[in-house]
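Peer 1: Quick one, what's the 3D model for this:
(4 chains)
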There are 2 protein chains.
Amino acid sequence: MQFMAATANVYNRNCPSREVVGVIASHWGSLVLGALLDGTLRFGELRRTVNGISEKMLAQTLQALERNGLVHREVHPVIPPHVDYTLTPLGVQVSRQVRGLFDWITGSMPEILTAQQAYDTSRA
Amino acid sequence: MQFMAATANVYNRNCPSREVVGVIASHWGSLVLGALLDGTLRFGELRRTVNGISEKMLAQTLQALERNGLVHREVHPVIPPHVDYTLTPLGVQVSRQVRGLFDWITGSMPEILTAQQAYDTSRA
DNA sequence: CTGAATCCTAATTGATACTG
DNA sequence: CAGTATCAATTAGGATTCAG
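Peer 2: Predicted coordinates for the structure are as follows:
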């Protein structure tokens, strides 16, 4: 068999899908994917949108996303340089799920903050 | 205002929700959350299920998930020790979304592998 | 058995400077 | 503008060791 039962394979560290989890279910990967759902962005625009990401990590993250077929990179041969990043059809599918997760987090922040405070005070 | 428009706040590095993204949308965090959707697991069972995680990272990840109210830790005072980890109602909600993402990844692996190969050969 | 604590090495990350 | 190169700092990982 090429893949194990649904979902189970990501739990095998030798399965290629595990590497994909590392790309998508990562701090910067998820934020970049979510940002592009609103439309094409340039490198600098992404850098400003994803507040706090370094140039190095943005470049690295975009390369990983491009390699996995989630993001399309389009270079306009002009001076000064102009490079556009867009979600591929595949990327749009993940991005929607990532956005769903972000929306859930946003909506659940009150409960989460309460839990954090309870946890922190219980060991002070 | 306490929060910005939906989703947008995770893009502000000073918003508390950003920290939660780091916990959930992370390699180990997502895998542990997904694993617990099938039911309560003990430390050692989790260690075996999430193939490749070190004891250190598992302990660290479980603490972060517990602090954010997503996982409940139950210690049975017996010898030998017995500690159960279970998703809280809040945790079940995220876990379902994480599982959805994993299932999507699993189902999209053929396309993703094709993209990887195209990318790799195009610069060899 | 479940973890916390420690020590040490390897890998990531981030800030900065620099180039086409 | 869009990155790459470099180096310093942070973090992850593994291998014990130890306590409850």
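
Peer 1: center of chain A - which residue?
Peer 2: When C-alpha atoms, centre = their mean is applied to chain A, the residue found nearest the centroid is A:Ser30 (1.7 Å).

Peer 1: list the contacts for the nearest residue to that residue once chain neighbours are set aside?
Peer 2: Computed as C-beta to C-beta, 6 or more residues apart in numbering or on different chains, the closest residue to A:Ser30 that is not its neighbour in sequence is B:Ala25, at 4.0 Å. C-beta here means a position set from N, CA and C on the backbone, and glycine is covered the same way. If you count contacts by C-beta atoms under 8 Å, 6 or more residues apart in numbering or on different chains, B:Ala25 has them with A:25-27, A:29-31, A:98, A:101.

Peer 1: Look up how far B:Arg18 lies from B:Ala25.
Peer 2: 10 Å (C-beta to C-beta, to the nearest Å).

Peer 1: sorry, back to before: if any of the contacts of B:Ala25 are buried, give me the PyMOL selection for them.
Peer 2: For the buried members of the contacts of B:Ala25, the matching PyMOL selection, counting by 16 or more other C-beta atoms under 10 Å in any protein chain shown, is:
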select buried, chain A and resi 25+26+27+29+30+31+98+101
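
Peer 1: Show me the contacts of B:Ala25 that map onto helices.
Peer 2: A:27, A:29-31, A:98, A:101 (DSSP state H).

Peer 1: circling back: and DNA strand D, which of the contacts of B:Ala25 contact it?
Peer 2: Among those, no residue sits close to DNA strand D (C-beta under 7 Å from any atom of the strand).

Peer 1: Make a markdown table out of the contacts of B:Ala25 and add pLDDT.
Peer 2: Converted to a markdown table, the contacts of B:Ala25 look like this (pLDDT from 0 to 100):
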| residue | pLDDT |
| --- | --- |
| A:Ala25 | 96 |
| A:Ser26 | 96 |
| A:His27 | 95 |
| A:Gly29 | 97 |
| A:Ser30 | 97 |
| A:Leu31 | 97 |
| A:Val98 | 97 |
| A:Leu101 | 97 |
